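K.L.:
kindly generate the corresponding structure for this input.
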Amino acid sequence: MFKKLFGKKEEPVKTIQLLAPLSGTAVDLETVPDPVFAEKMMGDGFAIEPTEGMAVSPVDGEIMQVFPTKHAIGIRAKNGAEILIHIGLETVSLNGEGFETFVSEGDKVKAGDKLVSFDLDIIRAKAKSIVTPVIITNTDQASSFGEKAEGPVEKGTTPVLEVTFS
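P.N.:
Residues are numbered from 1 along each chain as shown. Next up, the predicted model:
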């Protein structure tokens, strides 16, 4: 009886819209100067050449992983999509220098919530590239993968990709 009164059964979310996690220029993943990303070995997605040092959550979800070196964060969206935001290339070697995280594993986040800030000058000087791949690491489980945005994007507001999991 109470279930009928109070228990609206929530339909599971199947399709999500990723918002840009960074402000900058969205580019095709295949242009990333690293074969692991360009050849989609970790999954499909897109990349952003950031114009400022702040990454926000592209979706509502849960933080799955914050790398100890703070250069990458994994998020599970409400539809099961597992999203990796990898700030710069070969930034693991910076051992956290120039990075500050605002979330921990297990945290619930909303699209637009601050995840990590980073110093673009340090990354430019000490890493291979500032380009930031955003990967759906479980692409093989997606039932549809929309067209990816290219060109100027604004963190937390510009839709960049729609992904459906059944």
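K.L.:
run the chain-centre distance for the one helix or strand residue 47 maps to.
P.N.:
Using DSSP states H and E, residue 47 sits in strand 44-50. Strand 44-50 sits 9 Å away from the centroid of its parent chain (CA atoms, centre = their mean, to the nearest Å).
K.L.:
direction included, what does that strand pair against?
P.N.:
Strand 44-50 sits in its sheet next to strand 24-28 (antiparallel), strand 132-136 (antiparallel), going by DSSP bridges.
K.L.:
just name the most buried of these.
P.N.:
Highest mean neighbour count among the strands paired with strand 44-50 (mean count of other CB atoms under 10 Å): strand 132-136, with a mean of 25. Using the backbone N, CA and C atoms, a C-beta is placed for each residue, glycine as well.
K.L.:
how about residues contacting the following helix or strand past that one?
P.N.:
Tracing the chain C-terminally past strand 132-136 and defining elements by DSSP H and E, one meets strand 144-145 next. Contacts with strand 144-145, where a contact means CB atoms under 8 Å, 6 or more residues apart in numbering, come from 15, 44, 136, 139, 161, 162, 163, 164.
K.L.:
of these - the most surrounded one?
P.N.:
Compared across the contacts of strand 144-145, residue 163 has the highest neighbour count, 26 neighbours, by other CB atoms under 10 Å.
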